[in-house]
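# could you look at this predicted model? Sequence included:
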Amino acid sequence: MLDMLRRPALLAILAMTCQVALGQRLPAPSREVYRCELDGKVSYSDAPCLGARRVNVEPTRGLNKSSGTERTGADVRQERNDEMVADALRPVFGESAEQRALRLRRAKLDPHARAACTKLDASIPLLEREQGQVSKVDRSRVEERLLAERQQFQRLGC
């Protein structure tokens, strides 16, 4: 008897959970991947960690079957469309598809965040170069600064 009373309640909870899950959107996938090493174990993450090395990745852009049919998702089709628009506008703006995407993404940020992102665009590559060139004593200081700037870059939505 008690089991029969629980079943409708469990179904109602399951239905509400599914509605909430379907209503939420996942964040955009990150193209920045970091190789983190902790206690001799290597892991890869989209979140920076202390001493992380950035790994350049390019996601696949669809599947070509042996039949010659290309299968791509809506996000890849949108990305290709954006690239074609950027190529058409290159003579006007003088920017690549990546530069255009960055400009459009940052246009949504407030002016202070945009300025901070521009500053981080310059400082992060310098710290990454310095990370590989400094002595072991100074490396931890550089890695801490680099981690803080990468985290700020993500927080701002640069």
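Sure thing, it's come through. Note that this is a predicted model, so its numbers are computed, not measured. Numbers count the residues shown, from 1 in each chain.
# give the buried residues for the host helix or strand of Gln152.
Here Gln152 is covered by helix 136-156, with elements defined by DSSP states H and E. By 16 or more other CB atoms under 10 Å, the buried positions in helix 136-156 come out as 139, 142-143, 146-147, 149-150, 152-153, 156. Where you see a C-beta, it was placed from the backbone N, CA and C, and this is true even at glycine.
# what packs against it?
In terms of contacts (3 or more CB pairs under 8 Å, 6 or more residues apart in numbering; DSSP states H and E), helix 136-156 is packed against helix 111-133.
# okay, the angle between the helix it packs on and helix 136-156?
Here the directions of helix 111-133 and helix 136-156 differ by 150 degrees (axes from the mean of the first three to the mean of the last three CA atoms, to 10 degrees).
# can you check which strand is longest in the protein?
Of all the elements of type strand in the chain, the one with the most residues (DSSP state E) is strand 32-38.
# paired strands for it, with orientation please.
Using DSSP bridges, the strands paired with strand 32-38 are strand 41-45 (antiparallel), strand 53-56 (antiparallel).
# hey, which of those is tucked in deepest?
Greatest average neighbour count among the strands paired with strand 32-38 goes to strand 53-56 (a mean of 12), per mean count of other CB atoms under 10 Å.
# if anything else comes up later, I'll come back, but that's it for now.
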